[in-house]
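K.L.:
Here's my sequence, what's the structure:
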Amino acid sequence: MYKKYFSVALLLLITGCSNEYLDVDSCQSKGVLELICNLQNPEDFVKIPEEDSLIVSQFAGLAELNHGKTNEGKLSRLNLNTKEVVDFNIVFLENNIANLGQKNCQPYSSFYPHGIDLHHDINFAGENLSPFLEEAYLLAVVNHTIIDRIEFFLLFPEYVNFSDAGPNTLYWVGCVEGPNQNTYFNDVVIADADGSFYATHQYDKDMGLTELTFYSVLRLDTGFIYQWSPTDGFNKLSDSGGAWPNGIEMIEDRLYVSYRMNGSIGVFANGNRTDHKLRNYLGGGADNLLVVGDEIWVAVQNTDLGGFHCINETLIQCPTPFSVQRHSKDLELLERHDFQDIAFGGASVAYGDGKQIIIGAYKADRIAVFRVE
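P.N.:
Numbering: from 1, shown residues only. Presented below is the predicted three-dimensional model:
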């Protein structure tokens, strides 16, 4: 029975992959987009408060899309005015002054970042703590080590300067190791000042590409949402299963989760889940979600069967069509831009400020800037 269904799925996949896309590997603007080049999979963003800048997660990438290799990634700061990208330096504070994460969680030896989130309030425990800590923001980062982890960093505003560190410095203060060796986190959102968080478990790490393809084509559940707190550890969020749970965000007490292959966003409030369908399945599915104020920006990639064109390892970036959408917190569509056959594709995240939209991708060497003035 499994072989029968897989044969049907494979036939549909081959048919879908017959789509022809323009060769957009050259990092040159083709009209509507300004390009920022020489990056590595700028997969996720987060806005830095009181600054005209974004933190960019330069994703390590999927081995299936990179000749079987996974390159280490990095975190960078993008200046929204000059478009300059500067990499962060990492300083490890191993005594865990913030008392965040799991006890005795050791600093990482390799860094494979994916989803990120920034939180404005932090509870610090301890005596004789620096008053500068009141200015710090908490950054959570998915790290795909042998066992996936959530890394915690402190980010200080630009006006806070330390004599022994440069302005582009993040301070590692703790981590939480995933509950299982095959856990594959995609994105994370910090829930409170104690460092509690929700994280999307997209699929089991040990699922092969063939099995993932089968599940994706038939829109079968591949993952769910983990909830973690310092007191209770990991728990699965009730009724959170879906096909490729991906981006995750919060507005007040409402949790938003994109189910990429289901083409929907799930909203969790008061223990109940509702779904809002962004586009039908053959039209596309939301990747990351980014809260700006009380609105949500969404990058929606074409996830029809032709989306598997990205598996071609020779491509520098995934050339599939996509849209950028802005929604209210009630998921009412407020703005939408569609892109096709341009020097960008495989969009995974978008940030808009009313004058420009910054677009990142999970497989690309560039960031795109779309002017809306």
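K.L.:
So which residue is smack in the middle of the protein?
P.N.:
Among the residues of the chain, the one closest to the centroid is residue 115, at 3.4 Å (C-alpha atoms, centre = their mean).
K.L.:
Tell me who's in contact with that residue.
P.N.:
Neighbouring residues of residue 115 by C-beta atoms under 8 Å, 6 or more residues apart in numbering: 43-44, 57, 141-142, 185-188, 199-200, 247-248, 288. All C-beta spots, glycine's among them, are computed from the backbone N, C-alpha and C.
K.L.:
Assumed it was part of a strand.
P.N.:
Yes - Residue 115 forms part of a strand when assessed by DSSP: H, G, I helix; E, B strand; the rest coil.
K.L.:
So what does the nearest residue in space to it that is not next to it in sequence have for phi and psi?
P.N.:
When the adjacent residues along the chain are set aside, residue 115 lies closest to residue 187, with 3.0 Å between them (C-beta to C-beta, 6 or more residues apart in numbering). Backbone dihedrals for residue 187, given as degrees, to the nearest 10, come out at phi -140, psi 160.
K.L.:
wait, isn't residue 187 in contact with residue 142?
P.N.:
Yes - the pair residue 187 and residue 142 qualifies as a contact (C-beta atoms under 8 Å) at a distance of 6.6 Å.
K.L.:
Can I get the helix or strand hosting residue 57 in PDB, CA atoms only?
P.N.:
Per DSSP states H and E, residue 57 falls inside strand 53-58. Output of strand 53-58 as PDB, limited to C-alpha atoms (Å, rounded to 0.1, in the frame of the first residue of the first chain):
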ATOM      1  CA  SER A  53      18.800  47.400  11.800                       C
ATOM      2  CA  LEU A  54      17.900  43.700  11.700                       C
ATOM      3  CA  ILE A  55      19.600  40.600  13.100                       C
ATOM      4  CA  VAL A  56      20.100  38.200  10.200                       C
ATOM      5  CA  SER A  57      20.400  34.400  10.800                       C
ATOM      6  CA  GLN A  58      22.700  33.100   8.000                       C
END
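K.L.:
and the next helix or strand after it, what does it pack onto?
P.N.:
Taking DSSP H and E as the definition, the helix or strand that follows strand 53-58 towards the C-terminus is strand 74-79. Here strand 74-79 is seen to pack against strand 53-58, strand 85-87, strand 113-119 when contacts are counted using 3 or more C-beta pairs under 8 Å, 6 or more residues apart in numbering; DSSP states H and E.
K.L.:
Whichever helix or strand comes after the shortest one pairs with which strands?
P.N.:
I take that to be strand 85-87. Moving toward the C-terminus from strand 85-87, the next helix or strand (DSSP H and E) is strand 89-92. Strands flanking strand 89-92 in the sheet, each with its direction: strand 169-177 (parallel) (DSSP bridges).
K.L.:
Quick one: residues in contact with the strand it pairs with.
P.N.:
If you take C-beta under 8 Å, 6+ apart as the criterion, strand 169-177 is touched by 75, 88-93, 96-102, 105-108, 139, 143, 147-156, 162, 195, 197, 228.
K.L.:
List the contacts of residue 181.
P.N.:
Residue 181 makes contacts with 146-147, 205, as judged by C-beta under 8 Å, 6+ apart.
K.L.:
Going by distance to residue 212, which of the residues you listed wins?
P.N.:
residue 205 (10.8 Å; C-beta to C-beta).
K.L.:
quick one: the nearest residue to residue 205 once chain neighbours are set aside from residue 261, how far?
P.N.:
Distances taken as C-beta to C-beta, 6+ apart put residue 182 closest to residue 205, at 4.3 Å, once the chain neighbours are dropped. Residue 182 sits at a distance of 19 Å from residue 261 (criterion: C-beta to C-beta, to the nearest Å).
K.L.:
who has more neighbours, the two?
P.N.:
Counting neighbours by other C-beta atoms under 10 Å for residue 182 and for residue 261 shows that residue 261 has the greater number, 24 against 14.
K.L.:
Give me the three-state assignment for that one.
P.N.:
Secondary structure of residue 261, reduced to three states by three-state DSSP: coil.
K.L.:
Any regions of the protein where pLDDT drops low?
P.N.:
Judged against pLDDT under 70, the low-scoring parts of the chain cover residues 1-23, 62-70, 94-98, 125-131, 162-165, 279-283, 303-312.
K.L.:
Contacts only, for residue 350.
P.N.:
When contacts are counted by C-beta under 8 Å, 6+ apart, residue 350 is found next to 290, 297-299, 324, 357-360.
K.L.:
Turn those into a markdown table, columns for secondary structure and distance to residue 167.
P.N.:
Formatted as a markdown table, these follow (DSSP: H, G, I helix; E, B strand; the rest coil; distance: C-beta to C-beta, whole Å):
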| residue | secondary structure | distance to residue 167 |
| --- | --- | --- |
| 290 | strand | 24 |
| 297 | strand | 27 |
| 298 | strand | 32 |
| 299 | strand | 29 |
| 324 | strand | 31 |
| 357 | strand | 27 |
| 358 | strand | 21 |
| 359 | strand | 26 |
| 360 | strand | 23 |
